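Asker: Below are the sequence and a predicted model; questions follow.
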Amino acid sequence: MSTGPLPLHDVDLRGRDVLKEADFSREELQYLIDLAASLKLRKRTRTEEQLLRGRNIALIFEKSSTRTRCAFEVGAYDQGANVTYLDPSSSQLGHKESAADTARVICRMYDGIQFRGSAQATVETLADYSNVPVYNGLTDDWHPTQMLADFLTMTEHLQRPADDISYAYLGDARSNMGNSLLVMGAIMGSDVRIAAPKALWPSEDVQAIAHARAAESGAQITLTEDPYEAVTGTDFVHTDVWVSMGEPVDIWDERISLLRPYQVNADVIGSTGKPSTKFMHCLPSFHDMNTVVGQQIAGRTGMVDGLEVTDSLFESDVNITWEQAENRLHTVKAVMVATLAD
Ligand code: CP
Ligand code: NVA
């Protein structure tokens, strides 16, 4: 790829909110992925042009974050913009001020607003009450900026378009990552396999969105309780933590008993039948005992080689999560540039 002209506004997303994948057409999402690839190349070749000088972006975090916060901050700085980070306790939002009032204040001072929190309704309200783009940095339901990074990672890894890739997601499939991987793949025309116990499948509403979008794109959608059926022939196997942020800690034991058969390990990866299959995870991951939670769970259950993924698999060359994590930066930057640049 050359560093020719940036494909700026070839698809015009100026002023748009990024709240969930289903709000976008396949062409719009592909445009964001392509723009991210161009921005990635420019950063690598030190030819990046700053298109967001003088812009100010508010980063509101109700839940903790490493990758998403860093991607927004570094992406903004690379592009010449400024950010304000508002952590879960230091703004009035939720405690003393509603989302609607917060939005009406913040949009008077800022050009864009990132929100990470529990309720999708909160980020939707911020968007309804502000006249600047609002970005969903993760809610309980959706993780759209993660999807752009995941699709950039998969398509650049294989050098094939999204409608020529297959992937499985194993684990808690009724949470943000399961929902988003199902619907994003459906929009993009991919071969998507979701494997989870039925109790943890995406809701009927989310399945309906996926089937409707798959009918337009030609995507193949499979929901199954059989992890081995799901991974057969896939290019990528994704998973996520078994208990997400905001869920009660006492749900761990129930979740482990439901999801233990869906752990990604050498046996599962071997069952794809493809030596080239790669492992993906939005991170953070409980793959070893070097975290407080990892230690506690291992002490209680004896699962010392990881939870949703074994440490040996995670530490093998099957893992492409570091590229996936880096791509958070380029794709989040693409979102800001596409929506905020002149
Ligand atoms: N994947 C992801 O969203 O990571 P953070 O929680 O660290 O932002
Ligand atoms: N499902 C996880 C994703 C973290 C990026 C969570 O919500 O905690």
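Answerer: Yep, that arrived. Ligands and ions are numbered 1, 2, ... in the order given.
Asker: next one: phi and psi at residue 46?
Answerer: Main-chain dihedrals, residue 46, degrees, to the nearest 10: phi 50, psi 40.
Asker: pLDDT value on it, please?
Answerer: According to the prediction, residue 46 has pLDDT 96.
Asker: The spatially most central residue of the chain - nearest residue in space that isn't next to it in sequence?
Answerer: Nearest to the geometric centre of the chain sits residue 146, at 2.0 Å (CA atoms, centre = their mean). Leaving out its chain neighbours, the residue that sits closest to residue 146 by CB to CB, 6 or more residues apart in numbering is residue 282, at 5.1 Å. Placement of C-beta: from N, CA and C, glycine included.
Asker: From what I see, that neighbour and residue 150 are in contact.
Answerer: Yes: assessed by CB atoms under 8 Å, residue 282 is found in contact with residue 150 at 7.5 Å.
Asker: Residues that sit against both of these two, list them.
Answerer: The contact sets of residue 282 and residue 150 overlap at residue 324 (CB atoms under 8 Å, 6 or more residues apart in numbering).
Asker: The host helix or strand of residue 330 packs against which elements?
Answerer: Element membership for residue 330, per DSSP states H and E: helix 321-340. Packing partners of helix 321-340 (3 or more CB pairs under 8 Å, 6 or more residues apart in numbering; DSSP states H and E): helix 26-44, helix 67-78, strand 112-116, strand 134-136, helix 144-158, strand 278-281.
Asker: Does the second one reach ligand 2?
Answerer: When you say that, I think you mean helix 67-78. No: contact check for helix 67-78 against ligand 2, using CB under 6 Å from any ligand atom: none in range, with a minimum separation of 7.5 Å.
Asker: Can the helix or strand that that helix is followed by be said to contact ligand 1?
Answerer: Toward the C-terminus, helix 67-78 is succeeded by strand 82-86 as the next helix or strand (DSSP H and E). No: using CB under 6 Å from any ligand atom, strand 82-86 never reaches ligand 1; the gap is at least 12.5 Å.
Asker: which strands and helices sit next to strand 82-86?
Answerer: The elements that strand 82-86 packs onto, with contact taken as 3+ CB pairs under 8 Å, 6+ apart, are strand 56-61, helix 67-78.
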